[in-house]
Every structure is written in structure tokens, then in C-alpha cells.
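**Q** A predicted structure for the sequence below; I have some questions about it.
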Amino acid sequence: MTETLPYLEETRTAYDTVAADYAETLKDHLAGAPLERALLGAFAELVEAGPVADVGCGPGRITTYLDKLGVDVRGVDLSPEMVAVARRLYPGISFVVGTMTDLDLPDGALAGLVAWYSIIHTPPERLPLVFAEFARVVRPGGHLMTAFQAPWEGDFEKRRIEQAYGHAVAADAYRLSPDRITDLLAAAGFEVTTRVVRRPEGPLESTPQAYLLARR
């Protein structure tokens, strides 16, 4: 059963609102992000042929990048408008609407799962539920790749977003401690094998950016 919690409704509405402009703004972002490309490339080699789910895929930019690397990947997103944009831009890839705590997948169905800046709208107290669901659908020996903004200090920072990509929106975002996320992943059955934290770059970033690669 799909959840209808207030934070999910706010997040869904916000991304429905910005979907087209979000896709246009970030469409070429990976071209200037060699570190991110390297990390995604390593993930693609580890998962081999897949299947892989890009959970919180937005308009599909990471999904299609993995697809071009030969990964059997499909996208899942909370926002119907984001899914509609992704389907229009990348008609050869499967995109479905869904929530990360209620994935429509059998136990152990995946060789890998990507959560690329998609856990950032989940209240920290609900992250154990998210990671438990990730552990349910990723088979033993499978891999998880997650990216998120980190605070300069502390476990997390909460930020209210009221403007995004030229639109008025209303949603919360969380900057998350890599140490805390590592511990939560371990509690769910994932071992973090690679951890990268870099300083912010460019006008869209104001805090460190974290990338964790983990094995189930």
C-alpha cells in the first residue's frame, strides 16, 4: 500500500511543480562532474548486468547514464510528473511511480540500487524504514549507491525549501551526516565499502556532498 504521509505529499507536490525545469537545469550536469561519473562507473561494474533500481530517479538523468553503461536499470520516483518527463526523454527505459519505503519488487530482486540525492527529503527518524526496504529488495552480495548533502557539523540539518528551479514550493530537505548514514545502513544489513565526501562546488551547492557505496 502506497504511503500518504504529509512529508511525502509535500515532496511529491514540490517535484511535480518543478519537474520540467529541474530536468532542463540538470540535463548536462554529469558532463562536468568527473567524480560522480567515476563513482557511477564503479557501481555499474560492480552490479554487472543488474537488475538495478534508481530510486528517486527524477527525470531519469542517472538512470539513463547507467543504461548507457550497460546496466539493466529502471527508475522509480514519487512524483508522477517526474516520471512523465523521464518517460518522454528516455522512452527505452522503464519508469514507474512509487515510494522508497514501499517498492513494488520481490525480496532480493535487485543486484543493485541507487538513491542519488533521493533520501534527502526523508525525516531522519524514518530513514531506518527506508534502508530496511532497500535491504529487502537488494539480494545478498548486491550493492547500494547513495548520494546526499552533508552538514558542516552534527548529525543532520533541516532546511525548508520555498523556492526551487524558478517555482514556489514547500518541502523540507535534510543534510545528513555520512557517519550517521553509515551506521543506519549497517543496522539494515549493508556494509559501506567506499565513502567519498567533497567540498561544495558551483552555485547549486553550499555544503559538502557525500557518496557512499555499500554491499548487502
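**A** Okay, I see it. Numbering: from 1, shown residues only.

**Q** the lengthiest strand in the chain: how far from the chain's middle?
**A** The strand of greatest length in the chain, counted in residues with DSSP state E as the criterion, is given as strand 138-149. When distances are taken as CA atoms, centre = their mean, to the nearest Å, strand 138-149 is centred 10 Å away from the chain's centroid.

**Q** buried residues, it. List them.
**A** Judged by neighbour count using 16 or more other CB atoms under 10 Å, the buried positions of strand 138-149 are 138, 142-149. C-beta: built from backbone N, CA, C; applies to glycine.

**Q** ok, now stretch 9-24?
**A** For stretch 9-24, burial by neighbour count (16+ other CB under 10 Å) applies to 10-20, 22-23.

**Q** as CSV, the residues you listed with distance to L129 and secondary structure would be great.
**A** As requested, the buried residues of stretch 9-24 are arranged in CSV below (distance: CB to CB, whole Å; DSSP: H, G, I helix; E, B strand; the rest coil):
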residue, distance to L129, secondary structure
E10, 18, helix
T11, 15, helix
R12, 17, helix
T13, 21, helix
A14, 21, helix
Y15, 20, helix
D16, 23, helix
T17, 26, helix
V18, 26, helix
A19, 26, helix
A20, 31, helix
Y22, 26, helix
A23, 29, helix
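
**Q** mind picking the lowest-pLDDT entry from the residues you listed?
**A** For the buried residues of stretch 9-24, the minimum pLDDT belongs to Y22; the value there is 91.

**Q** how about it, what does it touch?
**A** Going by CB atoms under 8 Å, 6 or more residues apart in numbering, Y22 touches 15, 58-59, 82, 164-165.

**Q** try it again with 7 Å
**A** Each residue near Y22 by CB atoms under 7 Å, 6 or more residues apart in numbering is listed here: 58-59, 165.

**Q** tell me how far G108 lies from G98.
**A** According to CB to CB, to the nearest Å, G108 stands 18 Å off from G98.

**Q** and for A170, nearest residue in space, chain neighbours not counted?
**A** Across the structure, with CB to CB, 6 or more residues apart in numbering as the measure, the residue nearest A170 apart from its sequence neighbours is E10 (5.9 Å).

**Q** buried ones in the helix or strand D172 falls within?
**A** Take DSSP states H and E as the rule and D172 turns out to sit in strand 167-176. Of the residues in strand 167-176, those buried by neighbour count under the rule 16+ other CB under 10 Å are 169, 171-176.

**Q** specify the angle between it and strand 138-149 in degrees.
**A** In terms of direction (axes from the mean of the first three to the mean of the last three CA atoms, to 10 degrees), strand 167-176 departs from strand 138-149 by 110 degrees.
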